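1. 3D model of this:
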Amino acid sequence: MSNPTNGRLISLDALRGFVMFWIMSGEHIIHALAKAAPIPIFLWMSSQLHHAEWNGITFYDMIFPVFLFVAGVSMPYSFEKKMNLAGVSTPQELPSKEKRKIYLSMLRRTIILVVLGFVVNGLLRFDGFDHTRFASVLGRIGIAWFFAGMIYLNFDFKKQFIWFLGILMGYYAAMKWIPVPEFGAGVLTKEGSLEGYIDRLFLPGRLHSTVYDPEGIFSTLPAISTALLGVFTGTFLKAKNQFSINAKLILMALTAVLLIIAGLIWDIDFPINKHLWTSSFVCFVGGFSILFFVFFYLIIDLSGFHKWAFPLILIGSNSILIYIAAEGSVDFKHTADYFFGGMIQYLPMIWQPVFVALSVTGVQLLLLYFLYKRKWFLKI
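-> Next up, the predicted model:
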């Protein structure tokens, strides 16, 4: 097997595209299939493409953290050129002047993602300050990525790991032991959690769920640890050390299993909960994120089987753009109906929603292919 760890990882775009596919239209295909052909596999897949109501986890709950994990994996690779130009082997050795440039670039990216998050949430509808939701998926990605990057640039691995554990343990301690007025300490409900209380006190505008926001202020803290897990993975994979690539993959898989077990054990006292982004959630989903990455890396980058993943690469290479478009800024259904609606109407009624969903995916992929061939990417 080849070892492409020093170049661009195609698997990162493919994995990013895989998780984004379900958000942009894949979920609608599966839900329609489950109604048209209610066999166990489709019903189970459909059930996995909804968020858990509160405690517990589904595949849909993993999409956001896997995306953030991938952003962390790419960080050691994205800084490699700057380290080579400066003649240093670690980001901590970069000259202060070079670091300041990186800080400004990272801050710019974060601000753009936060503002784009506002736009996705309807800022341009001008509904008024009180009706605008300021917390967002893109905002959390930007903020968590920024602070993970700051830790990566300024601390060696041992101290990075201390940050990782400190954030998870600190968040756990605060959520369990700091009392909330009228509820007390350790009440992990929508109304009674410290996270929800902080959102109600300090988060301006409209909260996503009235009494808390799943992308709120305090729960962004453990999301930094999710990004750091990606940083650790990318750093380990890229490092030149005594481990062969096969040994690295085995160690990564074993680490993933240990994280999943740790998440399940922690779940007993601090439930796995995507809404609160609990520390057990970070461990559990972090383990699966590593397993997803190992699979894609092994199949695509090492084995060279990447043609099957081309649609995923199209999505992953323009993931932010298609996310913004799919979240409401572009009416893909209208376009798909214009081109395919005439044919679909002659299909059996029960199967029409399936082909409507497939036609939407087709239109999205055609747009992404057009952008890909012209090398037009939304780079932030």
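2. Any stretches of the stretch 1-150 of the chain with poor pLDDT?
-> For the stretch 1-150 of the chain, applying pLDDT under 70 flags the ranges 1-8.
3. mind listing the strands for it?
-> With strands called from DSSP state E, counting those that start in this stretch, the stretch 1-150 of the chain shows none.
4. Show me where it has its helices.
-> Secondary structure of the stretch 1-150 of the chain (DSSP state H, counting those that start in this stretch): helices at 10-21, 27-36, 40-48, 59-78, 80-86, 96-120, 137-154.
5. and G263, which of these is closest to it?
-> helix 59-78 (11.5 Å; Cβ to Cβ). Every residue, glycine included, has its C-beta placed from N, CA and C.
6. With distance to G328 added, can I get the helices of the stretch 1-150 of the chain in CSV?
-> Putting the helices of the stretch 1-150 of the chain into CSV (distance: least, Cβ to Cβ, whole Å) gives the following:
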stretch, distance to G328
helix 10-21, 15
helix 27-36, 14
helix 40-48, 22
helix 59-78, 18
helix 80-86, 36
helix 96-120, 7
helix 137-154, 13
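7. Out of the ones you listed, indicate the one that is most buried.
-> helix 10-21 (a mean of 25; mean count of other Cβ atoms under 10 Å).
8. In CSV, list the C-alpha atoms belonging to it.
-> This file holds the C-alpha atoms of helix 10-21, laid out as CSV (Å, rounded to 0.1, in the frame of the first residue of the first chain):
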residue,chain,number,x,y,z
ILE,A,10,-9.2,12.6,-0.9
SER,A,11,-10.9,10.7,1.9
LEU,A,12,-11.6,13.9,3.8
ASP,A,13,-13.6,15.4,1.0
ALA,A,14,-15.4,12.0,0.6
LEU,A,15,-16.2,11.7,4.3
ARG,A,16,-17.3,15.3,4.4
GLY,A,17,-19.5,14.7,1.4
PHE,A,18,-20.9,11.5,2.9
VAL,A,19,-22.2,13.2,6.0
MET,A,20,-23.4,16.3,4.1
PHE,A,21,-25.3,14.1,1.6
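9. And it, how far out from the chain middle?
-> 10 Å (Cα atoms, centre = their mean, to the nearest Å).
10. Tell me which of the helices of the stretch 1-150 of the chain sits nearest to S280.
-> Using Cβ to Cβ, these put helix 59-78 closest to S280, at 12.4 Å.
11. quick check: angle from that closest one to helix 27-36?
-> With axes from the mean of the first three to the mean of the last three Cα atoms, to 10 degrees applied, the angle from helix 59-78 to helix 27-36 works out at 150 degrees.
12. what's near enough to touch E215?
-> Neighbour list for E215: A135, S136, V137, G139, R140, H208 [criterion: Cβ atoms under 8 Å, 6 or more residues apart in numbering].
13. now A144
-> Counting by Cβ under 8 Å, 6+ apart, the residues that A144 touches are L68, T220, A223, I224, T226, A227.
14. list the contacts for the residue most central in space within the chain?
-> In the chain, the centroid-proximal residue (Cα atoms, centre = their mean) is F67; its distance is 2.3 Å. F67 is in contact with R16, V19, M20, I141, S319, counting by Cβ under 8 Å, 6+ apart.
15. mind listing what the fourth one touches?
-> Pointing back at I141 there. Each residue near I141 by Cβ under 8 Å, 6+ apart is listed here: F67, L68, A71, L113.
16. Tabulate those residues (CSV), appending distance to W44.
-> Listed next are the contacts of I141 as CSV, based on distance: Cβ to Cβ, whole Å:
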residue, distance to W44
F67, 23
L68, 26
A71, 29
L113, 34
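17. would JSON lines of the contacts of E215 with distance to F202 be doable?
-> Below are the contacts of E215 laid out as JSON lines (distance: Cβ to Cβ, whole Å):
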{"residue": "A135", "distance to F202": "11"}
{"residue": "S136", "distance to F202": "16"}
{"residue": "V137", "distance to F202": "19"}
{"residue": "G139", "distance to F202": "15"}
{"residue": "R140", "distance to F202": "15"}
{"residue": "H208", "distance to F202": "15"}
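18. tell me which of those is nearest to F79?
-> Nearest member of the contacts of E215 to F79, counting by Cβ to Cβ, is R140, at 21.8 Å.
19. The closest one touches P222, doesn't it?
-> No. The criterion here is Cβ atoms under 8 Å, and R140 misses it with P222 at 10.7 Å.
20. So for these two, which residues contact both of them?
-> What both R140 and P222 touch, as defined by Cβ under 8 Å, 6+ apart, is an empty set.
21. How about R109, nearest residue that isn't a chain neighbour?
-> I380 (5.1 Å; Cβ to Cβ, 6 or more residues apart in numbering).
22. ok, the one you found - contacts?
-> Contacts of I380 (Cβ under 8 Å, 6+ apart): R109, I112, L113, L116, I320.
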